[in-house]
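Q: Provided below for reference: sequence and predicted model.
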Amino acid sequence: MTHAPDITPKSWLMVLTLGVVWGATFMFMEIALRGMTPFWLAAGRISFAAVLTLAVWLAGSRKLFLTEKRDWGALCLVGILSTALPFLLLSWGMQYVTSGFAGVSMATVALMVLPLAHFLVPGERMSLRRFIGFLIGFAGVAVLIGPEAFAPSGAAMEPLGRLACIGVAACYAVSSIAMRRLPPVDPIGLAAVPMLIGALFVIPLAWLREGPPPMPDTQTLIVIAMLGLVPTAGANLLRVLVIRSAGPVFMSLTNYIVPLCSVFLGALVLGEPLHSSLLAALILILAGVALSQYGALRRLFGRDQ
C-alpha cells in the first residue's frame, strides 16, 4: 500500500480491544501448557483459528488479491512470521523465562517497527518526537513489570528462552511491515490465508519435535479453543484491519497496552496485588502514546494538526 496511514477513532478502539484481548492471553497460555506440549499448543490454536477464518472467508468473496498485482512470497512471509514462528517461539520460550520478561520483550516490537517503517512504509517517517514517545512508553512497561522481569528464573535454558521471546518480537515487527506493503487484498482473506500457511508450517514441526499430538483433558481443549477463537482468529483479523489502514507503527502501540491490561486483569480476575509502581507506569505509557501519536490525537479530538 502506498497511501499514508489513516488513523481514525475506530483505529483507537480496535487497538484498545487488542490490548485487552492479548493482555489476557498469557494467563490462558500458562493454563493450557499444563495439559499440552508447547509446539502442539501453538499448532492447536493456529489450526483452530485457520479453520474458522477460512470458513468465514470462503462463505464470502473467496477472492484474495483485489487487483492484478500479486505478491505470494510476501504473503507466505506474513503467514510464517505473524503466526507459526512467533507462536512456536513463545510457547517454547515461556517454559524457561518469567512472564514478566515475556511482557517486556513484547514491548520491544514498537521500537523495532519504528526504524523499519521509516525506510519501508510511506508516511511512517521516524521523527525525534515519535522516537522519544516510544522510548517513554517502553520505560513505562519496564516500570510496570518491575525488576522481577529481568530476574533469573533459574532454568538452565533461560538464555535461549529469552532469545526466543526477543525473536517473537522481531517476527511481529517484520510481519507488520510486510503486511502493510502487500498490494490491495481482501482483509478476511489476509487473515485466513496466512493462518493456513502458518498451520501447514507448524504442524509438521510439532510432530517432528514432540511426536503425535497428545490427548488433552477437557479443560485444556476448552482453553485451546478459546485461544484459537478470540486472541488468534478474532484478534488477527483486527490486527490486519489496523495495519492495513492505520499502519504498523500505530499498531505497535498495542504492545504497550497489552502489559497494562494484563496487570489490571490479573488483579481483577486472579486477585493479584497492584504494585505502587502502577501509577508511575500508567503515566509513562500514556505520555509515550500521547507524544508519539500527537497528530493522531489532535485529529481524534477535532483539532487540525
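A: In hand now; what should we look at?
Q: So the closest residue to G161 other than its chain neighbours: helix, strand or coil?
A: Nearest non-adjacent residue to G161, counting by Cβ to Cβ, 6 or more residues apart in numbering: Y96, 3.1 Å away. In this view, the C-beta of every residue, glycine as well, is placed from N, C-alpha and C. Here Y96 is recorded as coil under DSSP: H, G, I helix; E, B strand; the rest coil.
Q: With P259 as the reference, measure out to Y96.
A: Computed as Cβ to Cβ, to the nearest Å, the Y96 to P259 distance reads 19 Å.
Q: cool, and A142?
A: For A142, the distance to P259 - Cβ to Cβ - is 10 Å.
Q: Just list the residues touching I224, thanks.
A: With contact set as Cβ atoms under 8 Å, 6 or more residues apart in numbering, I224 has these partners: 32, 36, 41, 44-45, 48, 216.
Q: Serialize those to a markdown table and add fields for pLDDT, neighbour count and distance to F131.
A: As requested, those are exported to a markdown table (pLDDT from 0 to 100; neighbours: other Cβ atoms under 10 Å; distance: Cβ to Cβ, whole Å):
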| residue | pLDDT | neighbour count | distance to F131 |
| --- | --- | --- | --- |
| A32 | 86 | 23 | 37 |
| M36 | 89 | 26 | 40 |
| L41 | 89 | 27 | 36 |
| G44 | 91 | 28 | 39 |
| R45 | 89 | 30 | 34 |
| F48 | 91 | 20 | 39 |
| P216 | 86 | 19 | 45 |
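Q: Looking at those residues, which is nearest L268?
A: A32 (20.5 Å; Cβ to Cβ).
Q: ok, the closest residue to L160 other than its chain neighbours - how many residues close by?
A: Leaving aside its chain neighbours, L160 sits nearest to Y96 (7.0 Å; criterion: Cβ to Cβ, 6+ apart). Using other Cβ atoms under 10 Å, Y96 is surrounded by 19 other residues.
Q: Pretty sure Y96 sits against L163.
A: No - contact criterion Cβ atoms under 8 Å: Y96 and L163 do not qualify, at 10.1 Å.
Q: for the residue nearest to G161, what are its contacts?
A: Per Cβ under 8 Å, 6+ apart, neighbours of Y96: 153, 155-158, 160-162.
Q: Could you do G103 as well?
A: Counting by Cβ under 8 Å, 6+ apart, G103 has contacts 26, 141, 145, 149, 258-259, 262.
Q: Can you tell me which of those residues lies closest to P248?
A: V258 (15.9 Å).
Q: Make sure that closest one is actually in contact with W22.
A: Yes - V258 is in contact with W22 according to Cβ under 8 Å; the separation is 4.7 Å.
Q: Between those two, tell me which one has more neighbours.
A: V258 (24 against 21).
Q: Break down the stretch 201-305 of the chain into its helices, ranges please.
A: 218-227, 235-245, 248-251, 254-269, 278-292, 294-300 (DSSP state H, counting those that start in this stretch).
Q: on that earlier part again, turn the contacts of I224 into a markdown table, including distance to G295.
A: Below are the contacts of I224 laid out as a markdown table (distance: Cβ to Cβ, whole Å):
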| residue | distance to G295 |
| --- | --- |
| A32 | 40 |
| M36 | 44 |
| L41 | 40 |
| G44 | 42 |
| R45 | 36 |
| F48 | 39 |
| P216 | 48 |
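Q: In helices only, show me those.
A: Counting by DSSP state H, those place 32, 41, 44-45, 48 in helices.
Q: and L253, what is it in contact with?
A: Going by Cβ under 8 Å, 6+ apart, L253 touches 15, 110, 137, 289, 292-293.
Q: For it, give its distance to R130.
A: For L253, the distance to R130 - Cβ to Cβ - is 11 Å.
Q: Now the common contact residues for these two.
A: In contact with both L253 and R130: S292, using Cβ under 8 Å, 6+ apart.
Q: what's the strand or helix carrying L89 packed up against?
A: L89 is part of helix 85-93, with elements assigned from DSSP states H and E. Packed against helix 85-93 by the contact rule (3 or more Cβ pairs under 8 Å, 6 or more residues apart in numbering; DSSP states H and E) you find helix 38-58, helix 158-180, helix 187-210.
Q: If you count contacts, what does the second one end up packed against?
A: Using 3+ Cβ pairs under 8 Å, 6+ apart, the elements in contact with helix 158-180 are helix 72-79, helix 85-93, helix 99-120, helix 235-245, helix 248-251.
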